[in-house]
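Colleague: need coordinates for the below:
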Amino acid sequence: MNILEAAVAAAGVDPRELHAKLMAGQQDRTIALSRAFEDAGTEAREAYERGRQAHGQIAGGFLNNGAPVLDAGAQDAQAWRLLGQGGQDMHDVAEALRRAVVARERRPRARR
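Modeller: Numbers count the residues shown, from 1 in each chain. Alright, predicted model coming up:
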């Protein structure tokens with residue numbers, strides 16, 4: 001499973017259902033889904049940044065025998081992974097969806 005498939009699955013969307021919608025030409029729904037991934041990626045990035053700040057404050061402000069009670073770097077790394085590279089994976093899915101819509105629009109229509 002590639003990163004885009006994993007991100008789609010993690011977001012609770014069945015990749016087969018998504019593919020079927022793309023192929024059915026439901027561009028409006030695909031664009032709405034793309035926007036949802038974009039928004040989620042932005043929120044994940046903002047949450048990651050807030051978490052980084054909090055980790056730094058906790059690590060710098062709370063000591064036990066002179067050592068920080070929290071490993072801010074380790075917590076940042078874990079948050080980065082859990083939030084899909086700080087939201088980048090969701091932005092990548094959004095971009096892939098937008099490209100699918102553009103490709104679908106450029107494809108010649110079948111003659112009837």
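Colleague: who is residue 67 paired with across the strands?
Modeller: residue 64 (DSSP bridges).
Colleague: what's the pLDDT at it?
Modeller: What the model reports for residue 67 is a pLDDT of 94.
Colleague: may I have the helix or strand residue 98 falls within exported as PDB, CA atoms only?
Modeller: Secondary-structure assignment from DSSP states H and E places residue 98 in helix 88-106. The C-alpha trace of helix 88-106 is given here as PDB (Å, rounded to 0.1, in the frame of the first residue of the first chain):
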ATOM      1  CA  GLN A  88       1.600  16.500   4.500                       C
ATOM      2  CA  ASP A  89       0.200  13.100   3.700                       C
ATOM      3  CA  MET A  90      -3.300  14.500   3.600                       C
ATOM      4  CA  HIS A  91      -2.200  17.400   1.400                       C
ATOM      5  CA  ASP A  92      -0.700  14.900  -0.900                       C
ATOM      6  CA  VAL A  93      -4.000  13.000  -1.100                       C
ATOM      7  CA  ALA A  94      -5.800  16.200  -1.800                       C
ATOM      8  CA  GLU A  95      -3.400  17.000  -4.700                       C
ATOM      9  CA  ALA A  96      -3.800  13.500  -6.100                       C
ATOM     10  CA  LEU A  97      -7.600  13.900  -6.100                       C
ATOM     11  CA  ARG A  98      -7.300  17.300  -7.800                       C
ATOM     12  CA  ARG A  99      -5.100  15.800 -10.500                       C
ATOM     13  CA  ALA A 100      -7.600  13.000 -11.000                       C
ATOM     14  CA  VAL A 101     -10.300  15.500 -11.700                       C
ATOM     15  CA  VAL A 102      -8.200  17.400 -14.100                       C
ATOM     16  CA  ALA A 103      -7.200  14.200 -15.900                       C
ATOM     17  CA  ARG A 104     -10.800  13.200 -16.100                       C
ATOM     18  CA  GLU A 105     -11.800  16.600 -17.500                       C
ATOM     19  CA  ARG A 106      -9.100  16.400 -20.200                       C
END
